[in-house]
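Participant: got a predicted structure plus its sequence, pasted below:
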Amino acid sequence: MDTLRANRHDFLNHIQVIYGLAQLGKISHLESYIKELTRGLEAESRICRLNSPELAALLLKKVSTAAEQQIRLDCNMNSDLSNINIPVTEVVSIIGNLLDNALYVVRDCDVADRTIKLTISEELGYFKILVANNGPPVPEEIKDKIFEKGFTTKRNEGSGLGLYIVKSLAEKYGGKVQLTEQPGFATCFEVLIPSKLPLTKKDN
């Protein structure tokens with residue numbers, strides 16, 4: 001709610017910038033400003049349409065936190081998660097841990113490279129959650145260890161539980177988590193969760 005109120009409060013400022021750029025004839029700057037403003041508003045609108053207000057609240061907060069650190073967090077909502085067969089608290093744990101890790105690894109990158117992409121989609125009987133970032137890639141020698149309980153690369157800042165929790169929750173519901181590739185990003189974690197099975201006559 002604080003994020004939405006802040007956006008409404010800033011709306012007049014955005015209108016004034018648009019008006020000023022138009023008066024100055026700075027068309028390319030005007031187009032760029034409107035495009036960036038629209039992208040942010042559309043992303044927040046898609047988040048707010050999620051079937052889970054708890055997850056929407058988490059994502060709005062993460063987007064706000066990322067912006068404070070000059071990190072671009074793009075959220076692509078291709079599913080409202082209305083049929084996911086997993087408690088919302090555990091969806092929040094999975095996505096929250098993946099985003100926290102991504103925010104940590106990109107914070108020391110050049111500002112232009114601080115980009116994270118979250119994609120949620122539903123296809124072929126499962127939900128797919130992708131979190132990609134432009135931080136340093138996972139070294140080959142530790143790829144088999146990153147999901148182990150207690151393993152961390154964050155020294156004193158990490159507990160070694162984040163990816164372990166993600167893996168445990170995914171497998172609890174017959175899913176999995178794995179490192180995969182996403183064009184334009186250095187690291188991408190993919191979580192697959194089976195969709196809720198349709199009701200049968202017996203279930204009715």
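Facilitator: Looks like it arrived, so ask away.

Participant: can you map out the helices along this structure?
Facilitator: All helices of the chain, identified by DSSP state H, fall at 2-24, 27-48, 53-68, 88-106, 162-172.

Participant: can you tell which of those is closest to T187?
Facilitator: Across the helices of the chain, T187 has its closest neighbour in helix 88-106 (7.3 Å, Cβ to Cβ). C-betas here are computed from N, CA, C, even on glycine.

Participant: so which bits of that closest one are buried?
Facilitator: By neighbour count on 16 or more other Cβ atoms under 10 Å, the buried set for helix 88-106 is 90-99, 101-106.

Participant: tilt between it and helix 162-172?
Facilitator: Relative orientation of helix 88-106 versus helix 162-172 (axes from the mean of the first three to the mean of the last three Cα atoms, to 10 degrees): 150 degrees.

Participant: save the helices of the chain as TSV, and put in distance to F127 too.
Facilitator: Formatted as TSV, these follow (distance: least, Cβ to Cβ, whole Å):
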stretch	distance to F127
helix 2-24	25
helix 27-48	16
helix 53-68	12
helix 88-106	9
helix 162-172	10
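
Participant: JSON lines for these, including mean pLDDT?
Facilitator: What follows is the helices of the chain, written out as JSON lines (pLDDT from 0 to 100):
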{"stretch": "helix 2-24", "mean pLDDT": "69"}
{"stretch": "helix 27-48", "mean pLDDT": "72"}
{"stretch": "helix 53-68", "mean pLDDT": "88"}
{"stretch": "helix 88-106", "mean pLDDT": "94"}
{"stretch": "helix 162-172", "mean pLDDT": "93"}
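
Participant: K145 is nearest to which of those?
Facilitator: helix 162-172 (9.8 Å).

Participant: my read: V92 touches E54, true?
Facilitator: Yes: using Cβ atoms under 8 Å, V92 is in contact with E54, at 6.0 Å.

Participant: what sits against the residue most central in space within the chain?
Facilitator: In the chain, the centroid-proximal residue (Cα atoms, centre = their mean) is L118; its distance is 3.3 Å. Going by Cβ atoms under 8 Å, 6 or more residues apart in numbering, L118 touches 59, 73-76, 95, 98-99, 129-131.

Participant: repeat that for 6 Å
Facilitator: By Cβ atoms under 6 Å, 6 or more residues apart in numbering, the contact set of L118 is 75, 131.

Participant: returning to that earlier point: closest one of the buried residues of helix 88-106 to Y164?
Facilitator: Using Cβ to Cβ, N97 is the member of these that sits closest to Y164, with 9.1 Å.
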